[in-house]
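> Quick one: sequence and predicted model below, then my questions.
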Amino acid sequence: MGRAVRRPSLTAWIFIGMAAGIAIGIAAPGFASRLSPVSNIFLRLIRSIIAPLIFGTLVYGVAGSGDLKRMGRIGLKAVVYFEVVTTVALFLGLAAVNLARPGAGLKLAATAEPAIAQAKPTLGSILEHIFPASIIDAMARGDVLEIVVFSFLFGAACAAIGAKSKPVVAFCESLAEVMFRYTNYVMYLAPFGVAAAIAVTVASKGSGVLLGLGKLILTMYAAQIVFVAAVLGSVVALFRIPTAAFSRAVREPFLIAFSTASSEAALPRALENMEQFGVPRHIVAFVLPTGYSFNLDGSTLYLSLASVFVAQAAGVEMPLSQQLIMMLTLMLTSKGVAGVPRAALVILAGTLSSFHLPMEGVAVLLGIDAVMDMARTSVNVLGNCLASAVVARWEGVDFRALAVRDPLPEMPS
């Protein structure tokens, strides 16, 4: 008897979808531009998962742990880790843009004012945004941070009243398991959604804009690669996280985030895979969604790079002291605005205005934002997956002692 043929994994199918999307976008841009409904259907199905999945996993995790002091300790550790890593990302982006100087010699043309909301987030507005007025409204809008806060408090209340909450906690456990299975079904559409998203991007942006701003794109991607290899790689080594098993767990969410430029699209799979990797449910259900607002490694690196790029393109020489003040501003304003459409560009617009830099820079960056967004979104997802593993190790979880199975499902042939 011959050996059974191993069916391609979902990761392989996603790679195939990406390659097919690029080919279609180049060969038939007119046809590719009409594929957006396919990618939109996939993203809409993904968004339908997020609210019930976060609610079920987090309520069961908090109530099941029964130790609110422990959850507070986990939250504090997560915030400390978030701040350290995002600060490193900011300064790595600053170093990259000063070394490569991608904006030097590029004259900003006077362009129409970009259609982006430029209201600068204040500390008060960020604090208000954290707490939901209505959980139904927060779920309808897909506001991850508000869902996390409500679910955490709801789980704490369940833990406080003890036995009376058992039916509610059991329901949340079942809800989480159902949503994981629902996620598996939706993931069968991932190769098609990914192919359509890539095809639309290639067809709409073309090669001209990529060639004109190629140095900026290369600088951005090189800086993200250095951040992943040097910074996140050092964290993996420092906390003794099994590299091979972690790579298997994150490769699929990473590819989904890269190809769709959507953190939301990768969240359900990231939650499931990190739990199967060995991160306890109460940790992964809290750290991962919270990191989507406070641990945007790829986005913070991009912001520091893009802001100085605009200054270079405008011929404005910014001394290091002023650049450091700008980094502090970005560090504060980049928190808690993940729910804002084109959040990175909104923050960038506010920062440019504060430092009297030309707003035309935002319009220039808007032209290549889809290409840049792929890199920063996938690094955001990777960084948050690693954050959940780091907090778990900080809490004493020994991944090497766990029997980790490959969480990637097989696709039907």
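Yep, that arrived. Numbering: from 1, shown residues only.
> Please make it C-alpha for all contacts and neighbour counts, starting now.
Will do.
> in the stretch 301-413 of the chain, which segments are predicted with low confidence?
Applying pLDDT under 70 to the stretch 301-413 of the chain flags the ranges 332-343, 345-346, 350, 363, 366-367, 400-413.
> Now the closest residue to residue 310 other than its chain neighbours: which helix or strand?
Among residues not flanking residue 310 along the chain, residue 361 sits closest, at 5.4 Å (C-alpha to C-alpha, 6 or more residues apart in numbering). When elements are assigned from DSSP states H and E, residue 361 belongs to helix 360-367.
> and the one helix or strand residue 312 maps to, what does it pack onto?
Using DSSP H and E, residue 312 sits within helix 297-313. Judged by 3 or more C-alpha pairs under 8 Å, 6 or more residues apart in numbering; DSSP states H and E, helix 297-313 is in contact with helix 68-100, helix 214-226, helix 320-333, helix 343-354, helix 369-394.
> Tell me what angle it forms with helix 369-394.
140 degrees (axes from the mean of the first three to the mean of the last three C-alpha atoms, to 10 degrees).
> Could you list the buried residues of helix 297-313?
297-313 (16 or more other C-alpha atoms under 10 Å).
> And for stretch 137-151?
Result for stretch 137-151 [16+ other C-alpha under 10 Å]: buried residues 138, 139, 142, 143, 144, 145, 146, 147, 148, 149, 150, 151.
> Pipe the residues you listed into TSV and attach secondary structure per row.
TSV is the format used below for those (DSSP: H, G, I helix; E, B strand; the rest coil):
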residue	secondary structure
138	helix
139	helix
142	coil
143	coil
144	helix
145	helix
146	helix
147	helix
148	helix
149	helix
150	helix
151	helix
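> could I get those residues as a markdown table with distance to residue 73 and pLDDT?
Converted to a markdown table, the buried residues of stretch 137-151 look like this (distance: C-alpha to C-alpha, whole Å; pLDDT from 0 to 100):
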| residue | distance to residue 73 | pLDDT |
| --- | --- | --- |
| 138 | 26 | 86 |
| 139 | 27 | 87 |
| 142 | 27 | 75 |
| 143 | 24 | 75 |
| 144 | 21 | 73 |
| 145 | 19 | 73 |
| 146 | 20 | 84 |
| 147 | 20 | 85 |
| 148 | 16 | 80 |
| 149 | 16 | 84 |
| 150 | 18 | 90 |
| 151 | 17 | 88 |
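> list the contacts for residue 186?
Residues counted as contacts of residue 186 (C-alpha atoms under 8 Å, 6 or more residues apart in numbering) are 42, 45, 46.
> For PyMOL, write the select line for the buried members of those.
Selection of the buried residues among the contacts of residue 186 in PyMOL, burial being defined by 16+ other C-alpha under 10 Å:
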select buried, resi 42+45+46
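> Out of the contacts of residue 186, show me where the pLDDT dips lowest.
For those, the model is least confident at residue 46; its pLDDT is 80.
> what about the spatially closest residue to that residue that is not a sequence neighbour, neighbour count?
Spatially, and ignoring its direct neighbours in sequence, residue 46 is nearest to residue 265 (5.5 Å; C-alpha to C-alpha, 6+ apart). By other C-alpha atoms under 10 Å, the residues close to residue 265 number 25.
> if I pick residue 265, what's in contact with it?
So residue 265 contacts 43, 46, 47, 256, 257 (C-alpha under 8 Å, 6+ apart).
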